[in-house]
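Visitor: Structure, please.
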Amino acid sequence: MTAADPHWPVAAGDDPHLLVGGTPVARYVLARDLDATHGPRPYLHPVRTLAGTPVTDALPADHVWHLGASLAVQDVDGTNLWGGRTYVRDVGYTWRADHGRIVHTGWAHRAPDRLDHHLHWCDPAGGILLAERRTLAASAVPGQGSAWRLDVTSTLTAPDDRDVTLGSPATNGRPGGAGYGGFFWRAVAAEPPEVFTASSDGEEAVNGGDQPWLALRGRAPEGGAYTLVFSGLGPGDRWFVRTTMYPGVCAAFAFAETATVPAGTSRHGHYRVIVADGTLDRATAAALTDGL
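Guide: Below is the predicted model:
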């Protein structure tokens, strides 16, 4: 695929919404006229609780390339699909002409509660690094009138003739647990949110862990309280978490070591987020993940 491909630009008016019981809970932005340095890609924003509280941020001033909830990796065989500067070993963050984009190429299924489509992860010249099949589904949480769940399923397939390596600033030499890149959620918060798992509390304790679930509890600038409960780490994945610098959670593919998609094979992921109104305690967050 190249920039001249008719699928490259997608009109903003074609952006679908996900609904739960007739209530719009998320808009899926297929393509924006973004600067290449922002890592153009499909993303969910705004995502809202059932009561209407926004729980995602996009294009924030501190990290303009953070785009709601999305799949993004900073180093895909040397292409930056995250946006922003690239971390270079022994040099640090550097602006480079290495930005690609993730492109919607066609629908397999489209309904108010489920979106299924094909994508290409492209290098700066438009060459295909990975092909993806992605499904997003929104549904009610049984017995919970104030919560809904988002399921994101992704299959990334490498070309038949070469392996594809996924990396992060951490695998390229950045210290401090900066292993981000994967399914990333940029949240909103009027003040630093709380983060916890079944056995840990706080950013330092949770970042880099592999607990089955993780909860982020905060309050939107508009005043509504929310809790997000994340699950779905795959083999080798780790949680990347920020609460003080900015509110964000990532199911990270290459937290400390690079990950490889061998030639002609696929990497499968299934990420689930419970989006709840109010401040849930540990026991309630754990119960929401049981059997789901």
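Visitor: residue ranges with poor pLDDT in this protein?
Guide: Within the chain, the ranges that satisfy pLDDT under 70 run 1-13, 291-292.
Visitor: what are the ranges of the helices in it?
Guide: 203-206, 282-289 (DSSP state H).
Visitor: need those in a markdown table with mean neighbour count, can you?
Guide: Every C-beta, even on glycine, is put in place using the N, C-alpha and C of the backbone. Below are the helices of the chain laid out as a markdown table (neighbours: other CB atoms under 10 Å):
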| stretch | mean neighbour count |
| --- | --- |
| helix 203-206 | 16 |
| helix 282-289 | 17 |
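Visitor: G126: which of these is closest?
Guide: helix 203-206 (37.8 Å; CB to CB).
Visitor: just to revisit the earlier point, in a markdown table, list the helices of the chain along with distance to A69.
Guide: Listed next are the helices of the chain as a markdown table, based on distance: least, CB to CB, whole Å:
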| stretch | distance to A69 |
| --- | --- |
| helix 203-206 | 19 |
| helix 282-289 | 18 |
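Visitor: Out of these, flag the one nearest S154.
Guide: Closest among these, using CB to CB: helix 282-289, at 19.6 Å.
Visitor: Verify the stated contact: C250 with F240.
Guide: Yes - with contacts defined as CB atoms under 8 Å, C250 counts as touching F240 at a distance of 4.0 Å.
Visitor: what sits in contact with each of these two?
Guide: 180-182, 184 (CB atoms under 8 Å, 6 or more residues apart in numbering).
Visitor: Please indicate which of those are buried?
Guide: Taking 16 or more other CB atoms under 10 Å as the criterion, what is buried in the shared contacts of C250 and F240 is 180-182, 184.
Visitor: Among the shared contacts of C250 and F240, which lie within strands?
Guide: Among the shared contacts of C250 and F240, the ones falling in strands (DSSP state E) are 182, 184.
Visitor: Specify which member of the shared contacts of C250 and F240 is nearest to R133.
Guide: Distances from R133 to the shared contacts of C250 and F240, taken by CB to CB, are shortest for G182, at 16.7 Å.
Visitor: Quick check, the closest one in contact with L71.
Guide: Yes - contact criterion CB under 8 Å: G182 and L71 qualify, at 7.0 Å.
Visitor: From L67, how far off is Y226?
Guide: Distance from Y226 to L67, counting by CB to CB, to the nearest Å: 19 Å.
Visitor: out of the helices of the chain, nearest to E222?
Guide: Nearest of the helices of the chain (CB to CB): helix 282-289, 22.7 Å.
Visitor: residues making contact with the closest one?
Guide: Contacts of helix 282-289 (CB under 8 Å, 6+ apart): 141, 144, 147, 196, 198, 212-213, 215, 227, 229, 231, 272, 274, 276, 280.
Visitor: Taking these, please make a PyMOL selection of just the buried ones.
Guide: In PyMOL, a selection of the buried entries from the contacts of helix 282-289 looks like this (16+ other CB under 10 Å):
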select buried, resi 141+144+147+196+213+215+227+229+231+272+274+276+280
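Visitor: Return the member of the contacts of helix 282-289 nearest to V103.
Guide: Here the nearest of the contacts of helix 282-289 to V103, counting by CB to CB, is R272; it sits at 25.2 Å.
Visitor: What residues are bridge-paired with that closest one?
Guide: Judged by DSSP bridges, the bridge partners of R272 are D151, S231.
Visitor: ok, it - contacts?
Guide: 149-152, 230-232, 289, 292.
Visitor: Next, work out how far apart W65 and A111 are.
Guide: Counting by CB to CB, the gap from W65 to A111 is 30 Å.
Visitor: between these two, who's got more neighbours?
Guide: W65 (23 against 11; other CB atoms under 10 Å).
Visitor: That one: what's it in contact with?
Guide: W65 touches 37-39, 82-84, counting by CB under 8 Å, 6+ apart.
Visitor: Give the buried subset of those residues as a ChimeraX selection command.
Guide: Those of the contacts of W65 that count as buried under 16+ other CB under 10 Å are selected in ChimeraX with:
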select :37,38,39,82,83,84
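Visitor: need the contacts of W65 in CSV with distance to D90, can you?
Guide: Output for those, formatted as CSV (distance: CB to CB, whole Å):
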residue, distance to D90
T37, 23
H38, 26
G39, 24
W82, 20
G83, 22
G84, 19
